[in-house]
Each structure stands twice: as C-alpha cells, then as structure tokens.
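Novice: Generate a structure from the sequence data that follows.
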Amino acid sequence: MEMQMPLNMQIDSESTIKQFREFLTQYNRISEQCFADCVHDFTTRKILEPENTCSLNCLEKFLKMSQRVSQRFQEHHLTLSDSMAATAQAQSMKK
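Specialist: Numbering: from 1, shown residues only. Down below sits the predicted model:
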C-alpha cells in the first residue's frame, strides 16, 4: 500500500525543489560568466592572482547587483501596495 504525502507537504517539497533548481541555475550562470571574463591563461593548473582577484570582484559585483534589484523590487512592491490600499480605502468611503 502506497502512502501519499499530504497536499501541503507536497507543495512545500515542490517549492523547495523549484527554489533549489533556480539557485543552481543562477550559480552556474554566474560561474560561467565570471570564468569567461576572468580566466584566460590555461598554461598552468594554478589559479593566478589576477584571475582570483577578477573572479572575486565579478562575484561581488553580481551579489551587489542582485541585492540592489531585490531592494528596488521591494520598494516598488511597497509603493504599489500602499497605492492599492489608498484606492480601496477611497472607494470604501464613497459607499
């Protein structure tokens, strides 16, 4: 007899898997981008200091950009929510 997970646990599990896939996709994208931008010398197995510095700067720039976009999105969402609340309040006063 097969046991089935409750629907809410199944949804949580699917959501977690989706978030993890998105994280891996983002990680792979930034890894490829920084590698392509920073690594040019394939004559040695060691990571050269300029490559290391470039990679760290690339990652830091990406993280700051992601943080800034997230912050702007939150600000926009808050403004939109305030606007919708004000509109709803104005409409309820008219009735």
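Novice: and the helix or strand where Thr16 lies, which residues are buried?
Specialist: Element membership for Thr16, per DSSP states H and E: helix 7-38. Using 16 or more other CB atoms under 10 Å as the test for burial, helix 7-38 gives 30, 34, 38. C-beta: built from backbone N, CA, C; applies to glycine.
Novice: Setting aside sequence neighbours, what's the nearest residue to the second one?
Specialist: With CB to CB, 6 or more residues apart in numbering as the criterion, Cys34 has its nearest non-adjacent residue at 3.8 Å, and that residue is Cys58.
Novice: The helix or strand hosting that neighbour vs helix 7-38, what angle?
Specialist: Using DSSP H and E, Cys58 maps to helix 49-94. In terms of direction (axes from the mean of the first three to the mean of the last three CA atoms, to 10 degrees), helix 49-94 departs from helix 7-38 by 140 degrees.
Novice: which strands and helices sit next to helix 49-94?
Specialist: Counting contacts by 3 or more CB pairs under 8 Å, 6 or more residues apart in numbering; DSSP states H and E, helix 49-94 is packed against helix 7-38.
Novice: Let me know the pLDDT of Ala86.
Specialist: Looking at Ala86, its pLDDT is 86.
Novice: How many residues are close by it?
Specialist: 10 (other CB atoms under 10 Å).
Novice: Make 56 the first number, not 1, from now on.
Specialist: That works, and once the first residue is 56, the last one we named lands at Ala141.
Novice: Relative to Met148, how far out is it?
Specialist: The gap separating Ala141 from Met148 is 11 Å, by CB to CB, to the nearest Å.
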